[in-house]
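[1] let's see this in three dimensions:
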Amino acid sequence: METEDPRLALSAVLRPVTPGIIKRIVDEATRSSGARADEVRAYEALLLELTPTVLDAIAANDEQRARILSDLAIRQAEGKLPVPPVPPVARAGLMEIGARLGFEAVSAAVAGRPDAMAIMGELEILTQQLRAATQLSIRTERQQPR
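    Numbering: from 1, shown residues only. Down below sits the predicted model:
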């Protein structure tokens with residue numbers, strides 16, 4: 001199992017740690033936003049609901065992955081996902097927190113594996129795609145009529 005496709009391995013490594021990463025992102029969002037408890041619960045529930053789709057996208061090829069992430073970002077910006085309002089700067093910051101936590105979890109999980117470098121490379125590609133999707137969401141949101 002230690003030489004499987006790096007994308008599949010990355011997805012498998014992230015599956016069990018993602019709920020904890022989401023919890024820490026939500027905790028930070030709560031601390032920095034002053035959001036109400038019901039908004040925080042709604043945000044956490046949405047992130048957990050989207051988790052399987054995102055984890056499946058991790059194992060997909062670049063084109064499929066980018067399409068899935070872009071679609072989620074645009075749906076969020078257009079108000080088609082029930083996400084409590086998260087200011088653009090906060091959204092970008094929360095994405096970076098998630099990326100850092102993911103990097104820490106994945107690097108610890110793959111330490112000593114012969115395919116560790118390939119898996120970490122896939123994590124870097126994923127992180128860049130998540131950053132691009134976050135920026136797309138922010139740009140799309142700014143273009144929406146108020």
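
[2] please count neighbours and contacts with C-alpha atoms only from this point.
    Fine.

[3] next secondary structure after the helix or strand of the chain with the lowest mean pLDDT?
    Within the chain, confidence by mean pLDDT, DSSP states H and E is lowest for helix 62-77 among all helices and strands, at a mean of 83. Next in sequence after helix 62-77, counting helices and strands by DSSP states H and E, comes helix 88-110.

[4] avg pLDDT for that following helix?
    Mean pLDDT, helix 88-110: 90.

[5] give me the buried positions along it.
    Buried residues in helix 88-110, defined by neighbour count with 16 or more other C-alpha atoms under 10 Å: 88, 91-92, 94-99, 101-103, 105-107, 110.

[6] just to revisit the earlier point, what comes up buried for the least confident helix or strand of the chain?
    Applying a neighbour-count criterion of 16+ other C-alpha under 10 Å, one finds 65, 66, 68, 69, 70, 72, 73, 74, 75, 76, 77 buried in helix 62-77.

[7] and it, what other elements does it pack with?
    Contacting helix 62-77 under the criterion 3 or more C-alpha pairs under 8 Å, 6 or more residues apart in numbering; DSSP states H and E are the following elements: helix 37-59, helix 116-143.
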